[in-house]
Structures are given as structure tokens and as C-alpha cells.
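Colleague: using only what follows, build the 3D model:
(one chain, ligands or ions: 1)
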Amino acid sequence: DRPRLALLGLGAMGGALARAWLAAGRSLTVWNRTPGRAEPFAAAGARVAGTPAEAVAAGDLVVACLLDDASVGEALSGADLAGKDLVNLTTGTPAQARARAEWAVRRGARFLDGGIMAVPPMVGVPESGGYAFYSGSRALFDAHHDTLTVPFGAVYTGEDPGFAALHDVALLSAMTGMFAGVAHAFALIRKESLAPSGLAPLLVGWLTAMAPHAYQIAAHLESGDYTEGVASNLAMMVEGNATLRRTAEEQGVGAELLAPFMALMERRLADGHGDEGTTGVVDLLTR
Ligand code: NDP
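Modeller: Got it, this is the predicted structure:
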């Protein structure tokens, strides 16, 4: 009772999905806008559809992994989705996922949105820890759990179809801040006789040690007491910011990646919250 799978999109991620399902012996029909990209998959046992509508007709479970939400709408515009299970693994915003869910349900499909927390080399490699967030139809998620967990793990976040994208983007946003900090750190040592390869393991160790700070912020947001368990208070940290800025200046490094976060810390301190940690910044950001 394995579903017939149809996959739209054979880019870096779609191609990795196709390889994982084929390696697991799944029946797979693929479609890609540029037909040449489908050839290696045909050789590996996939059926190749000439149009998205043809691919959809050949599948019970239809997975889209295209560039963006607009390409999903475009590709599926002529397809008959009645009675199909549609899983959208294309990255988008929560609002796009909610609109796409309504769109799919109007066409008679069950809909599940997904946000992939993996890069292509992690696909089909369970020990890599890759997974996808899913939201939308719980019935679809449960019915196809075995198939969905072939390429990577699956974490269901709720019936609201926007929740997978929201979790995906929350994690990617935090990663963006981390990458900014790492770029600044390497810039600081750039002109010195210090090897970047010496700093890298120190950065990894420190960031890993500091990451559980997220638990304290969560506890603060839930209790409303932003001072609970604070070991490094805002007043002290704002003093420290001056040292970070001066060191950047001494090293000839722009502090523009640090400046916006520091400005918010300073605003919160000026509002009289020197005994908190950094949780109050969340309040300042929430407009
Ligand atoms: P690629 O750029 O490698 O592939 C894009 C795919 O979308 C190709 O199959 C391309 O077809 C197709 N496409 C683009 N525009 C259209 C259109 N208008 N109509 C039909 N098909 C179209 O991207 P990825 O495979 O890497 O990414 C796919 C999705 O997966 C994205 O939403 C991405 O955010 C997400 N993702 C990717 C990750 C990664 O590390 N790669 C990680 C996590 C999520 P064609 O071959 O004809 O150009």
C-alpha cells in the first residue's frame, strides 16, 4: 500500500529527494521544467512525465520542490488535484503556505507544507540529523509518514499550514545572526598572524556552549520575569559592547553587523531594565 509518488522539481534538493526515494525502491514519476535534468533519474528507474499535470495524474502523493511559491502555482495550474495528497517542500513564507493550502483544498487535495532543515548532501543520510518541519493536514502526515521519512526526519508542527514555514524561517533567521557574528569574528583576526583554522574550533565550541541561552529566553518569555536566573545582566553587557566596538575600530573592522543588536540592548537598558538579560530585545522587536 505504498503510494505512487510524483515529484515536481529536480534541482539540487528535488534531485536529492528523487535519489533517496529511488534508492528506497519507491515508485516515482518525476517532472522538471528543463527536461534534460530528468534523464539521469529515468536511467535510475523513475518514470518521466512530460508535463506537471501528467506527473500529478500518475501519483497519489505529489511532492513539489521548486524554486519558490510562484513556481509551484505556475507548475500546478493545469493539474487536476482532486483526491491527491500534495506536499509542498518549496521554501516560502507562512502566508504563502496558508494561501497555497487554501488553493489546494479548493482543488480537492489534502495539503501539507514542509520546510527542509537539511542541505542536499544530508538527504537520505539518517545520521546527518536532517529533517523537515511539516504543517497542515495531520491525516496526510500520518498516512504518508513512512514515505516522508525516507529522505530526512519529519517534525509535525500543527494543522495551521503556516507553522512549518514559520519554524523554518525562525531557525534560518537565528542562523543568519550567527553567521553574521562569525563573519565579524574572522574579520577581527584578519590582519593578524593568526590562522582562521585556529579560530574556527574555538568559535564552534563557544557558540555551542552559548546556544542553550535560548532556553533561558524561552523561560523568561513564558514566565514574564526577564530577570530569572540571569548570570550576565544587561548593564554589564552594554558596558562590554563598548569594548567590542573599540576592538573592532582598533582592528579596522566595521561594526555594522553588531550595531543593530547593540542599539536594542542599549534602548532596553535606557528603559530601566539593567537587571535583565537580553530577553527584553524580543519585546522591542515585536511591533
Ligand atoms: P535549484 O535552484 O537547484 O532548483 C530549482 C528547481 O525549481 C529546478 O527544478 C527548476 O527547474 C525549478 N523551477 C524554477 N522556477 C520554476 C518555474 N517557474 N516553474 C517550474 N519549475 C521551476 O533549487 P533547490 O533544488 O536547491 O531548491 C528547491 C527548494 O528547496 C527551494 O524552495 C529551496 O529553498 C528549498 N531548499 C533547498 C535547500 C538547499 O540547500 N538546496 C535547503 C532547504 C530547502 P529548472 O531545472 O527548469 O531550472
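Colleague: give me the residue at the spatial middle of the chain.
Modeller: residue 168 (3.3 Å; CA atoms, centre = their mean).
Colleague: helix, strand, or coil at it?
Modeller: With DSSP: H, G, I helix; E, B strand; the rest coil as the basis, residue 168 sits in helix.
Colleague: flag every residue of the stretch 101-250 of the chain that's near the ligand.
Modeller: Proximity of the stretch 101-250 of the chain to the ligand, by CB under 6 Å from any ligand atom, involves residues 116, 119, 120. C-beta: built from backbone N, CA, C; applies to glycine.
Colleague: now the second one: closest residue in space, sequence neighbours ignored.
Modeller: Spatial nearest neighbour of residue 119, chain neighbours left out: residue 130 (7.7 Å); criterion: CB to CB, 6 or more residues apart in numbering.
Colleague: do residue 27 as well
Modeller: residue 4 (5.2 Å).
Colleague: before we move on, what about residue 64?
Modeller: Leaving out its chain neighbours, the residue that sits closest to residue 64 by CB to CB, 6+ apart is residue 8, at 4.6 Å.
Colleague: now the one you found: how far from residue 146?
Modeller: Counting by CB to CB, to the nearest Å, the separation of residue 8 from residue 146 is 21 Å.
Colleague: comparing those two, which residue is more hemmed in?
Modeller: Neighbours per residue, other CB atoms under 10 Å: of residue 8 and residue 146, the larger number sits with residue 8, 29 against 13.
Colleague: so what pairs up with the more buried one in the strands?
Modeller: residue 31, residue 64 (DSSP bridges).
Colleague: wait, what's in contact with it?
Modeller: Neighbouring residues of residue 8 by CB atoms under 8 Å, 6 or more residues apart in numbering: 14, 30-32, 52, 55, 62-66, 72, 75-76.
Colleague: gap between whichever residue of the stretch 1-150 of the chain sits closest to the ligand and residue 34?
Modeller: At 1.9 Å from the ligand, residue 11 is the closest residue in the stretch 1-150 of the chain, using CB to the nearest ligand atom. Distance, residue 11 to residue 34, using CB to CB: 10 Å.
Colleague: looking at the two, which is more packed in?
Modeller: Higher neighbour count among residue 11 and residue 34: residue 11, with 16 against 8, using other CB under 10 Å.
Colleague: contacts only, for that one.
Modeller: Here residue 11 is in contact with 32, 37, 65, 66, 67 (criterion: CB under 8 Å, 6+ apart).
Colleague: distance of the third one relative to residue 39?
Modeller: Look at residue 65 and residue 39: by CB to CB, they are 18 Å apart.
Colleague: looking at those two, which has the bigger crowd around it?
Modeller: residue 65 (25 against 12).
Colleague: report the contact partners of residue 227.
Modeller: Taking CB under 8 Å, 6+ apart, we find residue 227 in contact with 233, 275, 276, 277.
Colleague: dump the residue contacts of the third one.
Modeller: The one in question is residue 276. Contact analysis of residue 276 by CB under 8 Å, 6+ apart lists 220, 226, 227, 230, 233, 234, 268.
Colleague: closest to residue 135 out of these?
Modeller: Lowest distance from residue 135 to the contacts of residue 276 (CB to CB) belongs to residue 220, with 26.2 Å.
Colleague: burial check on the closest residue to the closest one other than its chain neighbours, number of neighbours?
Modeller: Using CB to CB, 6+ apart and skipping the chain neighbours, the partner closest in space to residue 220 is residue 279 (4.1 Å). Other residues lying near residue 279 total 22 when counted by other CB under 10 Å.
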